[in-house]
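S.K.: Would you be able to build a 3D model of this:
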Amino acid sequence: MSDALPDPAAFARKVRLLSRELGFQRCGISGIELGADEGHLRDWLAKGLYGSMRWMARHGDKRSRPQELIPGTLRVISVGLDYGRNDGEQAWATLADGERAYVARYALGRDYHKLMRQRLQKLAERIQQEIGPFGHRVFVDSAPVLERALARNAGLGWIGKHTCLIDKDGGSWFFLGEIYVDLPLPIDAPASAHCGTCMKCIDICPTQAIVAPYRLDARRCISYLTIEHEGSIPEELRPAIGNRIFGCDDCQLVCPWNKFAKRTDEPDFRARNGLDVATLPQLFAWTEDEFLSRSEGSAIRRSGHERWLRNIAVALGNAPGTPEVLTSLALRREHESDVVREHVAWALQRHEK
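M.R.: So this is what the prediction gives:
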């Protein structure tokens, strides 16, 4: 750890100022005690609600014990970076148009991981310029970190009933990142919850994946099914997926706190490849080379071409049976992938009924 800070409170204010200069809309500092959240995580894992995301359980309690993940950690600096614009009406219009493809708002533009990591690393460098070398580690979905609990404790927002973080002024449309530090900075007051009796996010979930307030069954979640899940999507859940081919935003779109949120337009997160207006047949026609080329630097690369086609086949099965939709499916009937063929056959069978 660097030498003792002469004025920790003043330096904490300096850190927040530096974070804003680097483009973050939110910044707060928390301690490392996550006992209650550790209990919640253990219970969630014990019930198998994480599906096939085995890495969630692989690291034991390190996820809820920052000092065990990075020895010497005293505080966590959490930051938030806005994504997306006020396009709720456009999002609902896309969801209502069965021939259009719906991609989660966070995945329309550049993958946030690299951008946030670069900015967080610059923040760490600016801190070092101010006080000299100090122990730290930057994280953006890159290690077992309870980022929402840490961000809540840092005052960035509360964890809503849909398990996303909500800020009264900024809604839930923002990414999170952290710097674990060995600096004895003063901590911020945790955010208080303001969901009240609202149940809109639970009621609207297409697959009823929010099984109770603050409890998500990933095995039913469209984001999990279309992004993380390998192999076949459970047949009973396919109709509810609608035209969502990569992720799902329904619980955020319906949240009252997002209706009046102040949001920042980050150019890097603007839609690429026409993903906000593309039709299902257009995207289903992408070859693997085209998929790899168009998804470079994008979060949709995570699905891989096979799952991309699997997801679109499901959406085409839910789409109106237009000649273009049926022709698009027929062209993939003999695809080399067993998974793709299975979902194409299911989609064609839906249109034969």
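S.K.: quick one: the strands in the stretch 101-250 of the chain?
M.R.: Per DSSP state E, counting those that start in this stretch, the stretch 101-250 of the chain carries strands over the ranges 102-103, 136-139, 158-159, 165-166, 174-181, 210-212, 215-216, 244-246.
S.K.: Tell me which of those strands sits nearest to A12.
M.R.: Across these, A12 has its closest neighbour in strand 174-181 (11.0 Å, C-beta to C-beta). (Each C-beta comes from the backbone N, C-alpha and C, glycine too.)
S.K.: partners of the closest one, with directions?
M.R.: The pairing partners recorded for strand 174-181 under DSSP bridges are strand 75-82 (antiparallel), strand 136-139 (antiparallel).
S.K.: Please identify the nearest residue in space to A299, excluding sequence neighbours.
M.R.: A107 (4.0 Å; C-beta to C-beta, 6 or more residues apart in numbering).
S.K.: Tell me, how many residues neighbour that neighbour?
M.R.: 25 (other C-beta atoms under 10 Å).
S.K.: any chance of the strands paired with strand 174-181 in TSV, plus mean pLDDT and distance to W44?
M.R.: Output for these, formatted as TSV (pLDDT from 0 to 100; distance: least, C-beta to C-beta, whole Å):
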stretch	mean pLDDT	distance to W44
strand 75-82	97	21
strand 136-139	97	20
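S.K.: In CSV, list the strands of the stretch 101-250 of the chain along with mean neighbour count.
M.R.: As requested, the strands of the stretch 101-250 of the chain are arranged in CSV below (neighbours: other C-beta atoms under 10 Å):
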stretch, mean neighbour count
strand 102-103, 26
strand 136-139, 21
strand 158-159, 20
strand 165-166, 26
strand 174-181, 24
strand 210-212, 15
strand 215-216, 19
strand 244-246, 27
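S.K.: Serialize the strands paired with strand 174-181 to TSV and add fields for distance to H305.
M.R.: As requested, the strands paired with strand 174-181 are exported to TSV (distance: least, C-beta to C-beta, whole Å):
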stretch	distance to H305
strand 75-82	29
strand 136-139	29
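S.K.: N243: which of the ones you listed is closest?
M.R.: Using C-beta to C-beta, the strands paired with strand 174-181 put strand 75-82 closest to N243, at 25.7 Å.
S.K.: Leaving out chain neighbours, which residue sits closest to K122?
M.R.: Using C-beta to C-beta, 6+ apart and skipping the chain neighbours, the partner closest in space to K122 is L22 (5.7 Å).
S.K.: try L326
M.R.: Spatial nearest neighbour of L326, excluding adjacent residues (C-beta to C-beta, 6+ apart): H351 at 6.2 Å.
S.K.: chain center to the host helix or strand of the one you found: distance?
M.R.: Secondary structure assignment for H351, by DSSP states H and E: helix 338-352. In terms of C-alpha atoms, centre = their mean, to the nearest Å, the centre of helix 338-352 is set 29 Å apart from its chain centre.
S.K.: what residues are up against A151?
M.R.: By C-beta atoms under 8 Å, 6 or more residues apart in numbering, the residues touching A151 are 28, 30, 78, 80, 157, 165, 176, 178.
S.K.: Ignore what I typed, I meant W286.
M.R.: Going by C-beta under 8 Å, 6+ apart, the list of residues near W286 reads 294, 305, 308.
S.K.: Swap in 10 Å and give it another go.
M.R.: Going by C-beta atoms under 10 Å, 6 or more residues apart in numbering, W286 touches 273, 278, 292-295, 305, 308-309, 312.
S.K.: What about the residues you listed, which one has the most neighbours?
M.R.: Top of these by neighbour count (other C-beta under 10 Å): I312, with 30 neighbours.
S.K.: From L292, how far out is the closest residue in space to that residue that isn't next to it in sequence?
M.R.: Using C-beta to C-beta, 6+ apart and skipping residues adjacent in sequence, the residue nearest I312 is F284, 4.6 Å away. Separation of F284 from L292 (C-beta to C-beta, to the nearest Å): 16 Å.
S.K.: about what we covered before: and the residue nearest to K122, how many residues sit next to it?
M.R.: Once other C-beta under 10 Å is used to define contacts, L22 is seen to have 17 neighbours.
S.K.: Is the nearest residue to L120 once chain neighbours are set aside bridged to anything, and to what?
M.R.: Nearest residue to L120 in three dimensions, chain neighbours excluded: V138, at 4.5 Å (C-beta to C-beta, 6+ apart). Beta bridges link V138 to I179, judged by DSSP bridges.
S.K.: May I have the residues that are in contact with V138?
M.R.: By C-beta under 10 Å, 6+ apart, the contact list for V138 reads 77, 116-124, 177-180.
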